[in-house]
Every structure is written in C-alpha cells, then in structure tokens.
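sharing a model that was predicted from the sequence below.
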Amino acid sequence: MASGEDDALIWTRPEPGTRRPKFTRDQIASTALAVADAEGFAAVSMRRIASELGAGTMTLYYYVRTKDELIALMDDAIMNQVLIPADELPSHWYDALAMVATRTWEVLVHHSWALHSLQNAQAGPNAMRHFEQSLAAIADTGLAAPDKFALLALVDDYVRGNALRAAEITSDGDIESAVRFGQSQLATGQFPQTRELFGGRDPRDVFPELLGDMSDHDRFRHGLLILLDGVAHRMNLSLPD
C-alpha cells in the first residue's frame, strides 16, 4: 500500500512526535465522548472539543486532521469500553459470548447516540480487538469459519437491535398521538388479533403488563439466553454445566 493511502487512516500515523505533546488522542476522544453523552452528538465539533481542552481549533488539527478522524477516535474509545479483560473471559463459549454481548449492550445503551451517529466510523484497533475477543469466545466450539461468522453476526444483530429499542425516547405528545391513531385503526375491525391483545383497554395500561416488571437489562439478558439456547440446539453445541 502506498504511503499516501496509509496516511488516509489515522491509525496508520503515529501520534505527534514532540517530546511532550500537549494532548493525546485518548484525551481528545474522551472529551468528545463526554460532550456527546451530555449534549448529544450534534454538539461535537472540532471547535467545541478544542475549547473544552483549552486549545485553539487549529492546535487540535495538529492531532486530528478532520471531523471524520475525530469520529473514528470516538468510536474506538467506545470499543475500548466494550473489551473484557482477558483473565475475566469465561472458558465456556456460552458464558463467554453472553459476557461479550452483555458488555457490548451496556456500552451501546450508555452511549445511545452512537448507534446512529458513529455507523460509518473507520474501524480502529479496538474494534479489531473486540472481533478477536468474540472469536476467542467461540474458539473451542469446533464450528467452521462460516458458522462462527454467522453466529457472531446473529448475536451482534440482537445486541444492536435491542440497544436501539432500549434507547428509544418517545415524548408524551408522540405517545398520545400514537394511541389515538391506534384506537381509530382498531375501530375499523381490520386488526382482530391486535384488538384481542389489548382487550378494548387503553394501550398505555396494557403495555406495562405485556412487558412485565423486568428492567431493560434483564429483558435483554432473558432474550439473549433464549437466543444462545437456540444456537446450542441448532448448531449442536454444548451448554454450560
């Protein structure tokens, strides 16, 4: 690969080589995450991060050339939070994959804005480490490479889809409008199964009963274990003792 192509990725360039650089990429990324967590991703800009660090905007460009590179640093910082210390990863594939999936879900829910805003971020070294750790979790299953990839993709789809649902924020006005629309549609008689589900009651009263008293975290774990039980049965894998 030509050097010009290498330079297109922030990960292929060393950090500024002064003996005492004023800032590090980790500092820049953590500052950007703090702003996004507090105010949303729209508040993140090179000017804002420079201000938070007490630097001029042009100084920040010495460390990070573009907004895309800043986004890449943010994504990699999040992926670092997903990683599990190697000595804490269980030996059984089921428990290990459950731990990786749960940690990933917890981090994504904590940084829920990232589910949309960092979709196109350049994959960095911590994303590679996360994938490596996920493969390590199922290394002893005896699955062929395509089946390993399919299993990880299946779990990742569940994790991200559930995190998106958990992160949904609906205003009271939106809920009221949805209830009115739903009730008007039920009145047409075209949705008998849905009408039976609600039993003529206000959906706002029924949904809590349907969801039960589990927290979002417990509901995620419940679904994850059902998924892994199904995987074990379908792929003829052992379950933990």
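Received it, and whenever you're ready, just let me know what you need. These numbers were taken from a predicted model, which means no experiment stands behind them. Residues are numbered from 1 along each chain as shown.

go through stretch 113-122 and flag the buried ones.
113, 114, 115, 117, 118, 121, 122 (16 or more other CB atoms under 10 Å). Placement of C-beta: from N, CA and C, glycine included.

name the nearest residue to the fourth one, ignoring sequence neighbours.
Nearest in space to residue 117, with sequence neighbours left out and distances taken as CB to CB, 6 or more residues apart in numbering, is residue 41 at 3.9 Å.

so what's the one you found up against?
113, 114, 116, 117 (CB atoms under 8 Å, 6 or more residues apart in numbering).

helices or strands up against the helix or strand residue 220 falls within?
Assigned by DSSP states H and E, residue 220 belongs to helix 216-234. Packing partners of helix 216-234 (3 or more CB pairs under 8 Å, 6 or more residues apart in numbering; DSSP states H and E): helix 93-110, helix 145-166.

let me know which of those helices is tucked in deepest.
Across the helices and strands packed on helix 216-234, averaging neighbours per residue (mean count of other CB atoms under 10 Å) puts helix 93-110 on top, at a mean of 20.

for the helix or strand just after it, C-alpha coordinates in PDB please.
With elements assigned by DSSP H and E, the helix or strand that comes after helix 93-110 is helix 114-117. The C-alpha trace of helix 114-117 is given here as PDB (Å, rounded to 0.1, in the frame of the first residue of the first chain):
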ATOM      1  CA  ALA A 114     -23.500   6.400  18.900                       C
ATOM      2  CA  LEU A 115     -25.900   3.800  17.400                       C
ATOM      3  CA  HIS A 116     -26.800   6.200  14.700                       C
ATOM      4  CA  SER A 117     -24.000   8.800  14.700                       C
END
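
packing partners of helix 114-117?
The contact analysis (3+ CB pairs under 8 Å, 6+ apart) places helix 114-117 against helix 67-82, helix 145-166.

10 Å instead?
Packing partners of helix 114-117 (3 or more CB pairs under 10 Å, 6 or more residues apart in numbering; DSSP states H and E): helix 25-39, helix 67-82, helix 93-110, helix 145-166.

tell me what the shortest one is packed against?
I take that to be helix 25-39. Packing contacts for helix 25-39, counted by 3+ CB pairs under 10 Å, 6+ apart, involve helix 46-53, helix 67-82, helix 114-117.

quick check, central residue of the chain?
Nearest to the mean C-alpha position of the chain, by CA atoms, centre = their mean, lies residue 108 at 3.3 Å.

next up, the contacts around the closest residue to it other than its chain neighbours.
Spatially, and ignoring its direct neighbours in sequence, residue 108 is nearest to residue 163 (4.1 Å; CB to CB, 6+ apart). By CB atoms under 10 Å, 6 or more residues apart in numbering, the residues touching residue 163 are 104-112, 114-115, 216, 220.

flag whichever of those residues scores worst on pLDDT.
The member of these with the lowest pLDDT is residue 216, at 90.

in space, what's closest to that residue - neighbours in sequence excluded?
In space, not counting the residues next to it along the chain, residue 216 is nearest to residue 166; the distance is 4.5 Å by CB to CB, 6+ apart.

the one you found contacts residue 108, correct?
Yes: counting by CB atoms under 10 Å, residue 166 sits close enough to residue 108 to count as a contact (8.7 Å).

give the residues shared as contacts by the two.
Residues touching both residue 166 and residue 108 (CB under 10 Å, 6+ apart): residue 115.

tell me the contacts of residue 32?
Contact analysis of residue 32 by CB under 10 Å, 6+ apart lists 41, 43-46, 48-49, 52-53, 64, 70-71, 73-74, 77.
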